[in-house]
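Colleague: predicted structure and sequence below. I'll ask about it afterward.
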Amino acid sequence: MPESHLDPWGTSDVKDYDRLYEEFGISPMTEELSKGLERNRYVRRKLIFGHRDIQRVLDAAASNMPYAVMSGIKPTGPFHLGSKVTAEQIVFFQSLSGSATAFYSIADIEAYCDNGMSLDESGGVAIVNVADILALGLDPRRAVIYKQSESLAVQDLAFIFSRSVTFNTLKAIYGQREIGLYLSAFIQAGDILLPETKLFGGPKPVLVPVGADQDPHIRLTRDIAQKHQLDFRFEPPSSIYHKLLRSLKGDDKMSKRDPLSMLTLSDTPEEAKRKVMAAFTGGRSTVEEQRRLGANPNICPVYDLYLYHFTEDDSVVRTVHDECVSGARLCGECKLQALEYVNSFLAAHQEKRAKMMGLAAELLSKSKGLVGEKPL
């Protein structure tokens, strides 16, 4: 069986998530670790499949000790459902303890290096992105939200870290890349380890929720943390991994590079309808065949809308799955039901987001003051 391919900047191919335990040293998310996290539907439905050192974060939360949950967004377009998965994990793990601080990086440097997007253009997108995560429940009173381009601390960390990593190591982790992407990887390492600097109280557990495709960044950062024990006393960051959300076309993951492959949190009802009704399914060629043989929800992005996103009711997900497999459910009616959930969520979310736009702009205007000091 071929090895899994994890590419944080492009297309990743994960056929068997269990192989990631062996290939990359990710640990499985066990039943014991999942206890107490059941209100997180991604944990409950086993969509979070693995972790690195999550116990340290759970122990900190249980004892009300300081910890951070850290992630970010590349501001190249509206939130899509993949962005929403990560954002909801930040919100959830921030909510576990009053001693938790969320760090949210606006990866405008990476957007420039990977997508050629100007800082001015990405700055406008970033306001909407931040309003999205606020509307999803992030508590701004315990959050540090900043732009990479305005963060002297993160940029200094990236420069410091570059001294401890060879070019051959970068090639082994990421393959042959433009130098700008390698540099953005150091910036991301700076983002992840920023909460452990003296600016924010020194070493502490840091949890990074990511899709499986982002594990190369986690491995690089954990290696860097180990190499900077003397000057920073970093704890290697912890991470949790969710399964990649396939595109509406049924292949790869949802990507901003292909608008028709994804639902976004900015879609109108008409746009959502067009995308959902045109989506790939796990159905059969004919109604008669599907009634007789059933369909396959395990390859169906429409089923994923229920499983990942738009209902907290596990019985609804089970019913959709069982009716699909038995042939009692046809794809057209399933899409229409999913669309009702989608549009109900989008209407409520967009109303909340509109109310958060002013706060989002205000938070980003304070970015430089939050992370503009030296990290050493």
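Modeller: Here it is on my side, so go on. Numbers count the residues shown, from 1 in each chain.
Colleague: all strands for the stretch 51-200 of the chain, in order.
Modeller: Shown for the stretch 51-200 of the chain, the strands assigned by DSSP state E, counting those that start in this stretch span residues 67-73, 100-106, 143-147.
Colleague: can you list those strands in CSV and add mean neighbour count and mean pLDDT?
Modeller: No exception for glycine: its C-beta is placed from N, CA and C like everyone else's. Converted to CSV, the strands of the stretch 51-200 of the chain look like this (neighbours: other CB atoms under 10 Å; pLDDT from 0 to 100):
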stretch, mean neighbour count, mean pLDDT
strand 67-73, 25, 96
strand 100-106, 24, 97
strand 143-147, 23, 95
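Colleague: of all the ones you listed, which one is nearest Ser239?
Modeller: Smallest distance to Ser239 across the strands of the stretch 51-200 of the chain (CB to CB): 9.8 Å, for strand 67-73.
Colleague: how far away is the most centrally placed residue in the chain from Ser162?
Modeller: The C-alpha lying nearest the average C-alpha coordinate of the chain belongs to Thr86 (CA atoms, centre = their mean; 2.9 Å). Counting by CB to CB, to the nearest Å, the gap from Thr86 to Ser162 is 26 Å.
Colleague: then Ser247?
Modeller: Taking CB to CB, one finds Ser247 at 34 Å from Ser162.
Colleague: more crowded one of the two?
Modeller: Counted by other CB atoms under 10 Å, Ser247 and Ser162 do not tie: Ser247 has more neighbours, with 22 against 15.
Colleague: lowest-pLDDT helix or strand in the chain?
Modeller: When each helix and strand of the chain is scored by mean pLDDT, DSSP states H and E, helix 367-371 comes last, with a mean of 70.
Colleague: quick check: closest non-adjacent residue to Gly201.
Modeller: With sequence-adjacent residues excluded and distances taken as CB to CB, 6 or more residues apart in numbering, Gly201 is closest to Pro66, at 6.3 Å.
Colleague: right, and Arg353 touches Ala135 too?
Modeller: Yes. Taking contacts as CB atoms under 8 Å, Arg353 lies within contact range of Ala135: 4.2 Å.
Colleague: residues contacting Ser34?
Modeller: Ser34 is in contact with 43-44, counting by CB atoms under 8 Å, 6 or more residues apart in numbering.
Colleague: mind running it again at 6 Å?
Modeller: Counting by CB atoms under 6 Å, 6 or more residues apart in numbering, Ser34 touches Val43.
Colleague: pull up the gap between Glu31 and Lys46, please.
Modeller: According to CB to CB, Glu31 and Lys46 sit 10 Å apart.
Colleague: those two: who's more crowded?
Modeller: More neighbours surround Lys46 than the other of Glu31 and Lys46, with 12 against 8 (other CB under 10 Å).
Colleague: phi, psi of the more buried one?
Modeller: Main-chain torsions, Lys46, degrees, to the nearest 10: phi 60, psi 30.
Colleague: pLDDT score for it?
Modeller: Per-residue pLDDT puts Lys46 at 94.
Colleague: now do Asp13
Modeller: Per-residue pLDDT puts Asp13 at 58.
Colleague: got the end-to-end distance for stretch 205-220?
Modeller: 17 Å (CA to CA, to the nearest Å).
Colleague: so for Gln148, what's the pLDDT?
Modeller: Gln148 carries a pLDDT value of 88.
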